[in-house]
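Enquirer: The following block contains a protein sequence and its predicted model.
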Amino acid sequence: MLQKKTVVVGVCGGIAAYKAVEVVSRLKKLGADVNVIMTENASKFVAPLTFQTISHNPVVIDMFEKPVRWDIEHISLAQKADVFLIVPATANVIGKVAGGIADDMLTTTIMATKAPVVFAPAMNHNMYENVIVQKNIETLKSAGYLFIEPDKGLMACGTYGKGRLPEPETIVQAVVDVLAGKQNISITEISCNVASGVGGKSDLSNAEGEINQDMKGLRVLVTAGPTIEPIDPVRFITNHSSGKMGYAIASHAAARGADVLLISGPVHIPGPENVNVINVNTAQEMYDKVMEYFPDSDIMIFAAAVADYRCAEIHSNKIKKNDEEISIRLVKNPDIAKEIGALKGDRVHIGFSAETENLLDNAVKKLQSKNFDMIVANDVTMEGAGFGTDTNIVKIVSGDGSIRELGKMSKYDVAGEILNEALNILKRKKGK
């Protein structure tokens, strides 16, 4: 899609710099020639070698370091750029460019380029809303610079508000649109539509930007990730679940004051802050832990992709390859969610239905057979809704038959909507 296009990516010094790594990776996968310029502060958050390895180009930081190519580096990059992306764009760099200051390689190259420049701001919500920052943004917009509207969500500092860097795929789509000549389309509008979904985001913050503690005193059990079923000491059966959705739910619930227990299959993401994590491997191990801890829960959310079957026989030694076919006999694993459905009492019981066809029909059948109070259905074949993505597109199906469709949202914001529904169900149950 971006063959023969050059994207210069400017990375500023903010905690969201780690997301720029995926932005560069996605741009490369689309065929772009990506050149990265980092501020000195940015190199404190992400090693330049990371960007160099992914972009396959030298990373520029210091204006006075020995050049890789014998040309004037900032002029060369400015001239070769088809689009210039600043991600994350800090208040400092936005202010410098708005004021005509060019005192490092990044700001100098921005000043020298004739290519469209796209800023993706990321900062604390109070800083983003500061009148000086907003004035600087308006100054740059009036001069023709483009801006991707930041998301509203949980900040690294623990507050909630507008200032989060949008998901990498949203940023990359904005770049694609600019290169396709769609600069007349509001990038701000594109970003908001992708992030918010139908119905918009819930306002989870108070006037000071602190997250409402509306789940304080509640105990939430979440399952996440895949399970693995061994064949022999080397091989196993599993699925593509990354655990991101379940981890987002656990993180969001903890941020809202809940006492959260996360029972997780093997994943490659760090455990959420202020969440008790129990790691398991097999479906049977997950079953045992859920049965042990569910009686103490108020809300149970089963986001794990649990293997339906396991090997009837686990070989004690590695199976050797030969010219013959081999057969593996599978037997059913315990259905954790179904058994909990029969035992839940007044607890809120929420499940997931990841489908590839007949989404609603299959989700409703699962809702009824497992006695869920609510089920979250998604078609994993849709772009932005499958395993491993940072976004999701879901339908929330309630036990009363009502269906609420959410547009494409970050998994963290989907988690917020799921927890809002869970609280409503819990209130109705307590009111009985």
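Expert: Received, thanks.
Enquirer: hmm, who's touching stretch 118-137?
Expert: 14-16, 83-91, 94-95, 98-99, 140, 145-148, 150, 152, 155, 157, 159-166, 171, 174-175, 178, 187, 209 (CB atoms under 8 Å, 6 or more residues apart in numbering). (C-beta placed from N, C-alpha, C; glycine too.)
Enquirer: got the CA coordinates for it in PDB?
Expert: Extracted C-alpha coordinates of stretch 118-137, given in PDB (Å, rounded to 0.1, in the frame of the first residue of the first chain):
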ATOM      1  CA  VAL A 118       1.000  15.000  11.100                       C
ATOM      2  CA  PHE A 119       1.200  15.400  14.900                       C
ATOM      3  CA  ALA A 120      -0.100  12.700  17.200                       C
ATOM      4  CA  PRO A 121      -0.100  14.400  20.600                       C
ATOM      5  CA  ALA A 122       0.200  12.400  23.900                       C
ATOM      6  CA  MET A 123       0.400  14.000  27.300                       C
ATOM      7  CA  ASN A 124      -1.300  14.300  30.700                       C
ATOM      8  CA  HIS A 125      -4.900  15.500  30.200                       C
ATOM      9  CA  ASN A 126      -4.400  18.700  32.200                       C
ATOM     10  CA  MET A 127      -1.300  19.500  30.100                       C
ATOM     11  CA  TYR A 128      -3.300  18.800  26.800                       C
ATOM     12  CA  GLU A 129      -6.100  21.100  28.000                       C
ATOM     13  CA  ASN A 130      -3.700  23.900  29.000                       C
ATOM     14  CA  VAL A 131      -4.600  27.100  27.100                       C
ATOM     15  CA  ILE A 132      -1.100  27.600  25.900                       C
ATOM     16  CA  VAL A 133      -0.900  24.100  24.500                       C
ATOM     17  CA  GLN A 134      -4.300  24.500  22.800                       C
ATOM     18  CA  LYS A 135      -3.200  27.900  21.400                       C
ATOM     19  CA  ASN A 136       0.000  26.300  20.000                       C
ATOM     20  CA  ILE A 137      -2.100  23.500  18.400                       C
END
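Enquirer: buried stuff in it?
Expert: Going by neighbour count (16 or more other CB atoms under 10 Å), the buried part of stretch 118-137 is 118-125, 128, 133, 136-137.
Enquirer: same question, stretch 250-270
Expert: By neighbour count, with 16+ other CB under 10 Å as the criterion, the buried positions of stretch 250-270 are 250-265, 267.
Enquirer: do the same with stretch 278-294
Expert: In stretch 278-294, counting by 16+ other CB under 10 Å, buried: 280-287, 289-290, 293-294.
Enquirer: residue ranges with poor pLDDT in the stretch 101-250 of the chain?
Expert: Low-confidence segments of the stretch 101-250 of the chain (pLDDT under 70): 154-159, 182-211.
Enquirer: Helices of the stretch 201-350 of the chain, start to end?
Expert: Ranges of helices within the stretch 201-350 of the chain are 244-255, 283-293, 336-343, based on DSSP state H, counting those that start in this stretch.
Enquirer: Output these in JSON lines; the columns should cover distance to G386.
Expert: Listed next are those as JSON lines, based on distance: least, CB to CB, whole Å:
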{"stretch": "helix 244-255", "distance to G386": "11"}
{"stretch": "helix 283-293", "distance to G386": "22"}
{"stretch": "helix 336-343", "distance to G386": "21"}
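Enquirer: Quickly, which of those helices bottoms out on average pLDDT?
Expert: Lowest mean pLDDT of the helices of the stretch 201-350 of the chain: helix 244-255, a mean of 93.
Enquirer: which residues touch it?
Expert: The contact list for helix 244-255 (CB under 8 Å, 6+ apart) reads 154, 158, 160, 211, 215, 220, 222-225, 260, 262, 264, 267, 269, 271-275, 299, 301, 303-304, 352, 388-390, 392, 410-412, 414-416, 418-419.
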